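[1] Sequence and predicted structure are below.
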Amino acid sequence: MTPAARVQAAIVILDDILSGTPVEKALTGWGRRSRFAGSKDRAAVRDNVFGVLRCKRSFGWLGGGDNGRSLMLGALRDAGTDPRILFDGVAHGPEVLSDDEALAGAALQDATDPVRLDVPDWLWPDLQRSLGQQTESVLTLLRQRAPVHLRVNTRVTDRDALLAELHRHGHDAHALAMTPTGVEVAGSPRGLVSLPCFEAGWFELQDGASQAVVDRLSDHVKGAEVLDFCAGGGGKSLAMAAYAPKGLVAHDGAPERMSHLPERAGRAGVAIEVVSRVAGQFDLVLCDAPCSGSGAWRRQPSSKWDLSAERLKSLNDVQFGILSTAQGLVRPDGCLAYATCSLLDTENDKIVERFLLAHPDWHSVDRMCLTPLDGGDGFYLNVLKRG
Ligand SMILES: C[S@@+](CC[C@H](N)C(=O)[O-])C[C@H]1O[C@@H](n2cnc3c(N)ncnc32)[C@H](O)[C@@H]1O
């Protein structure tokens, strides 16, 4: 496919998404209808779509509209590319720009802050209150593509050996500063999971901030009975398993989300008991709660636009409910850890405050707040104890 044809494909997919089709479904649907597209084409089209979704408001402003065509037009203007080069009317590419389209759009410096920084208006006060002076720099980073991070499985190898193996296979990779287990790979993650060292359990794809959360819990994990109460796909369970707990149980309110965990644990050479009902009490209970995902908007940009005040409020109630249930699963001298990949204080400190008001026998013993300025996703952790 030509660059223009890739742009036209992105326009079609974006229009499908804007009409309500979920992102992955829209991409898969286009992929099925476009057997001629090779893997590089598919990757480039996907990149176009995700690039626009991250910057939907500012690109719409630059392109003078909010349909797929205007958004791609804005994307090209933002990149400093003359759109007439790609909107040239040649077969499979976008139609030539109309006079109206050529004149539409305005300079970004005239846009409001939420438009310029690509967030919904209603969320702007919450973001400003939560991020303070870092609001502009954090939101600017969230407009860009997320870095690719790996977690070395220290039960099998070490970071230097993994780096050497990645270099040997032609990947440009370096150690991450924010976690001793982290590696950043330049460019795309494609091909990484086909490496023999992946099959041998040397690494998992995991953002550095997720790893840093588990590092921070490592003293509570070593030799302890641990419950990962919201295990999902098991990223944190696997990372905790590397810190040698005495036992590790994975649970999730939607147990089907853990379906690949036994296979992943087998590859990593670690023991994780997957349960749909929890029995007993634990030294550490981690609640990696469902949240807005605002710290990971680079990876899931559509969740930025799908979030609403009502949805946030209902997430807050779920978060509080999870902590209230999970505290009963903690041994008297154990720890309850609350984590989210959110940047919003309403999902972080405010939930912990609400929990402590309702459960005055608990108090906070550790707290960590990461933003993309630290090198990975935004993440929040608060560790609570009784007494
Ligand atoms: C942020 S995800 C967990 C990600 C996972 N810990 C990881 O590192 O890959 C949150 C998970 O909480 C689960 N969940 C939602 N409500 C729950 C509840 N009431 N009790 C337990 N888990 C719940 C969701 O199904 C989802 O898998």
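    Here it is on my side, so go on. Numbers count the residues shown, from 1 in each chain.
[2] all contacts plus neighbour counts: C-alpha atoms, from now on.
    Fine.
[3] Contact partners for A37?
    Applying Cα atoms under 8 Å, 6 or more residues apart in numbering, we find A37 in contact with 1, 31.
[4] Mind doing that once more with 7 Å?
    M1 (Cα atoms under 7 Å, 6 or more residues apart in numbering).
[5] Report the secondary structure element holding H220.
    Per DSSP states H and E: H220 is located in helix 208-221.
[6] Which elements pack onto the helix or strand just after that helix?
    Moving toward the C-terminus from helix 208-221, the next helix or strand (DSSP H and E) is strand 225-228. Judged by 3 or more Cα pairs under 7 Å, 6 or more residues apart in numbering; DSSP states H and E, strand 225-228 is in contact with strand 247-251, strand 282-288.
[7] Can you say which of those strands is packed in most?
    Counting by mean count of other Cα atoms under 10 Å, strand 282-288 has the highest mean neighbour count of those, with a mean of 25.
[8] could you point out which element follows that strand?
    Criterion used, DSSP H and E; the element after strand 282-288 is helix 302-306.
[9] So whatever helix or strand comes next after that next one, near the ligand or not?
    Downstream of helix 302-306, the next assigned helix or strand under DSSP H and E is helix 309-326. Yes: with Cα under 6 Å from any ligand atom as the criterion, the ligand is reached by helix 309-326 at I322.
[10] now swap in stretch 340-352 and tell me
    No: Stretch 340-352 lies apart from the ligand when judged by Cα under 6 Å from any ligand atom; the minimum separation is 6.6 Å.
[11] list the buried ones in stretch 322-329?
    Buried residues in stretch 322-329, counted by 16 or more other Cα atoms under 10 Å: 322-323, 326-327, 329.
[12] possible to save those residues as CSV with pLDDT and distance to P301?
    As requested, the buried residues of stretch 322-329 are exported to CSV (pLDDT from 0 to 100; distance: Cα to Cα, whole Å):
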residue, pLDDT, distance to P301
I322, 98, 26
L323, 98, 27
A326, 98, 30
Q327, 98, 33
L329, 98, 35
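[13] farthest pair in these?
    The most widely separated members of the buried residues of stretch 322-329 are I322 and L329, with 11.1 Å between them, by Cα to Cα.
[14] Provide a list of residues in contact with the closest residue to the ligand within the stretch 101-250 of the chain.
    The nearest approach of the stretch 101-250 of the chain to the ligand comes at G232, 3.4 Å away (Cα to the nearest ligand atom). G232 makes contacts with 252, 257-258, as judged by Cα under 7 Å, 6+ apart.
[15] Also near the ligand: which of those, exactly?
    Within the contacts of G232, those near the ligand by Cα under 6 Å from any ligand atom are 252, 257.
[16] ok so, going back, to which secondary structure element is the residue of the stretch 101-250 of the chain closest to the ligand assigned?
    Judged by DSSP H and E, G232 forms part of no helix or strand.
[17] Could I get the pLDDT score of it?
    At G232, the pLDDT value in this model is 98.
[18] same question, S188
    For S188, pLDDT reads 82.
[19] Could you report the separation of the residue nearest to A241 when sequence neighbours are not counted from V90?
    Spatial nearest neighbour of A241, chain neighbours left out: V270 (6.3 Å); criterion: Cα to Cα, 6 or more residues apart in numbering. According to Cα to Cα, to the nearest Å, V270 and V90 sit 55 Å apart.
[20] Please identify which of the two sits among more neighbours.
    The neighbour count for V270 versus V90, taken as other Cα atoms under 10 Å, is higher for V270 (21 against 12).
[21] residues in contact with the helix or strand hosting L53?
    Here L53 sits within helix 39-54, counting by DSSP H and E. With Cα under 7 Å, 6+ apart as the test, helix 39-54 has contacts from 1, 6, 9-10, 14, 71-72, 75, 143, 298, 301-302.
[22] ok, and for that helix, which residues are buried?
    Buried residues in helix 39-54 (16+ other Cα under 10 Å): 41-42, 44-46, 48-54.
[23] ok, so of the buried residues of stretch 322-329, who is nearest the ligand?
    Nearest to the ligand among those, with distances taken as Cα to the nearest ligand atom, is I322, at 5.3 Å.
[24] so which strand or helix has L150?
    strand 148-152.
[25] list the helices and strands the helix or strand just after that strand packs on?
    On the C-terminal side of strand 148-152, the closest following helix or strand by DSSP H and E is helix 159-168. Under the contact definition 3+ Cα pairs under 7 Å, 6+ apart, helix 159-168 sits against strand 173-175.
[26] picking that back up, which one of the buried residues of helix 39-54 sits closest to W61?
    Relative to W61, and with distances defined as Cα to Cα, the nearest of those is V52, at 12.0 Å.
[27] Could I get the pLDDT score of the residue lying farthest from the centre of the chain?
    What lies farthest from the middle of the chain is D99; by Cα atoms, centre = their mean that is 39.4 Å. Here, the pLDDT recorded for D99 equals 92.
[28] Check the gap between it and the ligand for me.
    For D99, the distance to the ligand equals 47 Å [Cα to the nearest ligand atom, to the nearest Å].
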